[in-house]
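A.B. asks: I would like the atomic coordinates for the input below:
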Amino acid sequence: MLKKLLAVSAGLLFTLTVFAATVRTVEWAEQHSDRYIVRKGDTLWDISAHFLRKPWLWPEIWQDNPQVRNPHLIYPGDELVLGGGHVRHGEGSIGPHARISSLEDAVKPIPLSSLKQFLKHARILSEDEYENAPHVVGIEENQLRGTAGQLAYVRGIVAPPGTKFALVRASGRYYDMPPRGEGEPREVYRQTGDWMDGRPGLLWQHGPNEFTLAGNVRFLGYEVLDFGTVEVTRVGDPSSALIVYSDFEVRAGDLVLPIEDKPYDDQYVPHAPARVPDNMRVIAFGDALNVVGPRQVVALSRGAEDGIENGQTFSIYHDGDEVIDQSDYPEGSARRFFHPDDAHVVLPPEFIGHVMVFRTFQRVSYGLVMDAVKPTHIGDFLWDPDHTP
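C.D. replies: Residues are numbered from 1 along each chain as shown. Down below sits the predicted model:
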């Protein structure tokens with residue numbers, strides 16, 4: 001019993017020590033009010049930014065409001081009370097009370113209106129998930145394409161008639177290569193294409209090119225898009241499935257996967273990561289071609305396998321450009337000729353903004369750019385939000 005009490009005491013002491021250390025780093029926003037009434041349309045990020053210079057420190061607001069029983073669940077009409085970092089008990093402050101509102105009314109971590117279309121369609125599959133997924137092998141009457149109201153024939157389905165599945169098509173695959181030189185980052189690639197020959201055309205081919213003297217290629221995952229729904233009408237090999245709807249024509253090679261009833265996890269809070277994985281970078285955009293800004297989706301090169309979880313917030317940085325010191329090493333000068341390396345200057349990384357992870361897969365995650373002073377580019381790297389490189 002004594003050992004257990006000592007262990008519990010040590011754990012509490014550690015928790016309090018960590019919390020105290022965290023509190024000392026909190027910077028309150030200038031001229032912030034000491035009370036705030038939660039409004040419809042607010043997000044946890046918005047509310048944190050109202051009080052704190054670092055919105056990812058939302059747990060500090062929660063700690064200072066004991067009436068908030070669950071940091072994930074606050075509602076329009078709730079009152080948050082702060083005064084220089086401490087709860088101000090007095091007239092109008094709220095004590096413990098029964099919750100009447102539904103979970104759907106709870107304030108979300110980020111604006112879902114910015115993500116609805118993306119959340120409905122995109123997901124990442126591992127190699128095994130992609131290779132073993134049920135797939136369309138044909139359309140009724142031997143047609144090349146199918147639309148709503150027609151039957152598709154699917155191999156690999158194990159479900160009773162009446163079960164609905166999502167129609168899915170691969171849009172690309174992610175992998176990263178060993179660094180070209182010492183100290184350089186791994187290079188992340190996203191292969192895309194029409195993949196007219198279906199799954200075989202996109203399936204990751206293991207071979208000699210996957211193993212190099214510098215290290216192994218790391219496959220990150222397949223990006224797929226949900227584009228329709230089918231309903232099983234007959235079980236067999238293949239099974240028959242009625243195309244209920246589709247955004248575009250169904251063809252052989254399209255995948256059939258379980259429908260995600262809740263693809264989005266909203267039970268988390270903004271917070272800083274315990275550590276930032278090495279060489280975590282922006283590898284793709286959800287709804288843009290060249291650059292993105294606030295409230296746009298980015299794909300990130302690390303996932304749950306690397307310790308990434310929903311709610312983690314990172315700073316985005318752009319690698320510093322390399323320039324020539326034309327002042328001390330002008331073109332054609334002897335100094336430039338004899339010391340060409342000294343003429344090259346690498347500029348420091350530039351801060352871009354912040355991104356919060358909202359959906360995590362094994363080796364890839366999706367984040368929403370929360371704020372930015374400059375556009376985000378593919379290849380930009382992530383850093384701890386409380387520190388600079």
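
A.B. asks: Quick one: the helices in the stretch 151-300 of the chain, in order.
C.D. replies: Ranges of helices in the stretch 151-300 of the chain, per DSSP state H, counting those that start in this stretch, are 199-202.

A.B. asks: Could you chop this protein up by domain?
C.D. replies: Domains of the chain are assigned by automatic domain parsing as 2-107, 119-258, 282-383.

A.B. asks: I'd like the mean pLDDT over the last one, please.
C.D. replies: Domain 282-383 shows a mean pLDDT of 89.

A.B. asks: Please report how far residue 132 lies from residue 175.
C.D. replies: Using C-beta to C-beta, to the nearest Å, residue 132 is found at 19 Å from residue 175. Bear in mind the C-beta positions are built from the backbone N, C-alpha and C, glycine included.

A.B. asks: Show me which of the two is the more surrounded one.
C.D. replies: residue 175 (20 against 11; other C-beta atoms under 10 Å).

A.B. asks: How about that one: what's its closest non-neighbour residue?
C.D. replies: If the residues on either side of it in the chain are set aside, residue 175 comes closest to residue 219, at 4.7 Å by C-beta to C-beta, 6 or more residues apart in numbering.

A.B. asks: Test my guess that that neighbour contacts residue 177.
C.D. replies: No - taking C-beta atoms under 8 Å as the definition, residue 219 is not a contact partner of residue 177, at 10.9 Å.

A.B. asks: Report pLDDT for the residue nearest to residue 175.
C.D. replies: 84.

A.B. asks: where does it sit relative to residue 125, distance-wise?
C.D. replies: For residue 219, the distance to residue 125 equals 11 Å [C-beta to C-beta].

A.B. asks: The two: which has the busier surroundings?
C.D. replies: For residue 219 versus residue 125, the count of surrounding residues by other C-beta under 10 Å is larger for residue 125: 22 against 16.

A.B. asks: wait, what's in contact with that one?
C.D. replies: 133, 221, 222, 224 (C-beta atoms under 8 Å, 6 or more residues apart in numbering).

A.B. asks: for it, phi and psi?
C.D. replies: phi -110, psi 150 (degrees, to the nearest 10).

A.B. asks: Ok, the one 5 residues further on next?
C.D. replies: When quoted as degrees, to the nearest 10, the phi and psi of residue 130 stand at phi -70, psi -50.

A.B. asks: And for it, the neighbour number?
C.D. replies: 22.

A.B. asks: ok, the residue nearest to residue 175 - contacts?
C.D. replies: Contact analysis of residue 219 by C-beta under 8 Å, 6+ apart lists 127, 173, 174, 175, 204, 363.

A.B. asks: So for the first one, what's the pLDDT?
C.D. replies: At residue 127 the predicted local confidence, pLDDT, stands at 86.

A.B. asks: buried sites along the longest strand along the chain?
C.D. replies: Counting by DSSP state E, the longest strand found in the chain is strand 218-234. Neighbour-count burial for strand 218-234 flags 219-230, 232 (criterion: 16 or more other C-beta atoms under 10 Å).

A.B. asks: Dump the residues you listed to JSON lines, plus distance to residue 342.
C.D. replies: Below are the buried residues of strand 218-234 laid out as JSON lines (distance: C-beta to C-beta, whole Å):
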{"residue": "219", "distance to residue 342": "40"}
{"residue": "220", "distance to residue 342": "38"}
{"residue": "221", "distance to residue 342": "43"}
{"residue": "222", "distance to residue 342": "46"}
{"residue": "223", "distance to residue 342": "44"}
{"residue": "224", "distance to residue 342": "49"}
{"residue": "225", "distance to residue 342": "50"}
{"residue": "226", "distance to residue 342": "54"}
{"residue": "227", "distance to residue 342": "55"}
{"residue": "228", "distance to residue 342": "60"}
{"residue": "229", "distance to residue 342": "63"}
{"residue": "230", "distance to residue 342": "64"}
{"residue": "232", "distance to residue 342": "69"}
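
A.B. asks: wait, doesn't residue 353 sit right on residue 317?
C.D. replies: No - contact criterion C-beta under 8 Å: residue 353 and residue 317 do not qualify, at 9.5 Å.

A.B. asks: in which helix or strand would I find the spatially closest residue to residue 80 that is not a sequence neighbour?
C.D. replies: Distances taken as C-beta to C-beta, 6+ apart put residue 36 closest to residue 80, at 4.7 Å, once the chain neighbours are dropped. When elements are assigned from DSSP states H and E, residue 36 belongs to strand 35-37.

A.B. asks: In its sheet, which strands sit next to that strand, and in what direction?
C.D. replies: Under the criterion DSSP bridges, strand 35-37 sits next to strand 79-81 (antiparallel) in its sheet.

A.B. asks: which one in this structure is furthest away from the centre?
C.D. replies: residue 334 (50.9 Å; C-alpha atoms, centre = their mean).

A.B. asks: Return the distance of that residue relative to residue 340.
C.D. replies: 11 Å.

A.B. asks: the strands in the stretch 51-200 of the chain, which residues?
C.D. replies: Using DSSP state E, counting those that start in this stretch, the strands of the stretch 51-200 of the chain run over 79-81, 122-125, 135-139, 151-155, 164-177, 187-192.

A.B. asks: returning to that earlier point: and the angle for the longest strand of the chain with strand 164-177?
C.D. replies: Put simply, strand 218-234 runs at 170 degrees to strand 164-177, going by axes from the mean of the first three to the mean of the last three C-alpha atoms, to 10 degrees.

A.B. asks: now strand 218-234 against strand 187-192, angle please.
C.D. replies: 30 degrees.

A.B. asks: neighbouring strands for strand 218-234, and are they parallel or not?
C.D. replies: strand 122-125 (antiparallel), strand 164-177 (antiparallel), strand 239-246 (antiparallel).

A.B. asks: Turn these into a markdown table, including distance to residue 187.
C.D. replies: Shown next, in a markdown table, are the strands paired with strand 218-234 (distance: least, C-beta to C-beta, whole Å):
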| stretch | distance to residue 187 |
| --- | --- |
| strand 122-125 | 19 |
| strand 164-177 | 5 |
| strand 239-246 | 36 |
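
A.B. asks: So which of these is nearest residue 65?
C.D. replies: When those are compared by C-beta to C-beta, strand 122-125 sits nearest residue 65, at 35.1 Å.

A.B. asks: This completes my enquiry, with thanks.
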